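> Predicted model, plus sequence, below.
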Amino acid sequence: MRPVNLIPKEERLDTPKSLRSGPTAYIIVGALVAALLGVTTLVVTGNKIDDLNAEIAQVEGETAAAQAKAAALSPYTQFHSVREQRVATVASLADSRFDWERVMRELALILPQDVWLTDLTASASPGVAPAGGASVALRASIPGPALALEGCAKGQEGVAGLVQALRDIDGVTRVGVESSALANDSDSGSESGSVSGGEDCQVRDFLVAFKIAVAFDAAPVQSATASAAPEVIASSPESEGGEE
């Protein structure tokens, strides 16, 4: 005998419903997966943004702290800059300063006994013109330190001996004789027969009045702004040299 299933076909458990067949189920599953992926991506992106914001806040805080520290140290930076400028200025002045003390000492040692100086001017530049100093025109042609001498000597031989002695001073590069003349000499190679500056010592006929410029060309040339007070030594050593 053949068994017969008396349960209606639509109520049988092994009969798939219409929803269990077709692409609808796959579409729903795909939508759920896509929504899950979107939520996951959104959460991950949000976490990354939060991390970046935290790093930015940390960097800004470190920058602010560094700027505050730099502002606190700025006076020290300014002081260091001022110190460097002053050191450079002092070094420049030291390099441009001339050792007049040594020159005067050597001049006193080499001055012949038959020479008398009436005027002596030592200056670091030709623009310095002290009142009462020696008036030697050759000084204007020497850009650096120089001596300007006026005085008298026993004869032209005495002037020649003085020129040779002046060349022995350390640092002297050249010695120029502007004039050298006897009191009654109208044509002796000088600018005129009567030499200005010699009237103080030219009391004998054999005495020769002279004007001499001594150059130190190898010494640094002192600029006008190197020092507010140029180095000047002016005197009238009427008793220097030997006796008449």
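In hand now; what should we look at?
> for the record, mean pLDDT for the helix or strand containing I27?
Taking DSSP states H and E as the definition, one finds I27 inside helix 24-96. The average of the pLDDT scores along helix 24-96 is 83.
> burial count for A71?
The local packing of A71 (other C-beta atoms under 10 Å) involves 9 other residues. (C-beta placed from N, C-alpha, C; glycine too.)
> and the gap between it and Q78?
A71 sits 12 Å away from Q78 when distances are taken as C-beta to C-beta, to the nearest Å.
> can you check R105 too?
With the distance defined as C-beta to C-beta, R105 ends up 44 Å from Q78.
> Please parse the protein into its domains.
According to automatic domain parsing, the chain comprises the domains 1-96, 100-235.
> distance between the first one and the chain's centre?
Relative to its parent chain, domain 1-96 has a centroid offset of 54 Å by C-alpha atoms, centre = their mean, to the nearest Å.
> Distance check, the residue nearest in space to the middle of the chain against A134.
Centroid-nearest residue in the chain: A88, 5.2 Å away (criterion: C-alpha atoms, centre = their mean). In this structure, A88 lies at 35 Å from A134, with C-beta to C-beta as the measure.
> Next: K211.
Counting by C-beta to C-beta, the gap between K211 and A134 amounts to 7 Å.
> ok, now how distant is the residue nearest to the centre of the chain from L166?
A88 sits at a distance of 35 Å from L166 (criterion: C-beta to C-beta).
> just L37 next, same as before
When distance is defined by C-beta to C-beta, L37 is 104 Å away from L166.
> Which one's more surrounded, those two?
Neighbour count, other C-beta under 10 Å: between L37 and L166, L166 has more, with 20 against 10.
> so what's that one closest to, chain neighbours aside?
Computed as C-beta to C-beta, 6 or more residues apart in numbering, the closest residue to L166 that is not its neighbour in sequence is V175, at 4.9 Å.
> Send me the host helix or strand of that neighbour as PDB with only the CA atoms.
Element membership of V175, judged by DSSP H and E, is strand 174-182. Taking C-alpha atoms only, strand 174-182 is exported to PDB below (Å, rounded to 0.1, in the frame of the first residue of the first chain):
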ATOM      1  CA  ARG A 174     111.300 106.700   4.500                       C
ATOM      2  CA  VAL A 175     112.600 110.100   5.600                       C
ATOM      3  CA  GLY A 176     111.900 113.200   3.600                       C
ATOM      4  CA  VAL A 177     113.800 116.500   3.900                       C
ATOM      5  CA  GLU A 178     111.500 119.400   3.100                       C
ATOM      6  CA  SER A 179     114.100 122.100   3.700                       C
ATOM      7  CA  SER A 180     117.600 122.500   5.000                       C
ATOM      8  CA  ALA A 181     119.300 125.900   4.800                       C
ATOM      9  CA  LEU A 182     121.700 128.200   6.600                       C
END
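> in it, what's buried?
For strand 174-182, the neighbour count (16 or more other C-beta atoms under 10 Å) marks V175, G176, V177, E178, S179, S180, A181, L182 as buried.
> The second one and A213, how far apart?
Computed with C-beta to C-beta, the distance linking G176 and A213 is 5 Å.
> now the last one
In this structure, L182 and A213 are 21 Å apart, going by C-beta to C-beta.
> just the first one next, same as before
Taking C-beta to C-beta as the measure, V175 and A213 are separated by 7 Å.
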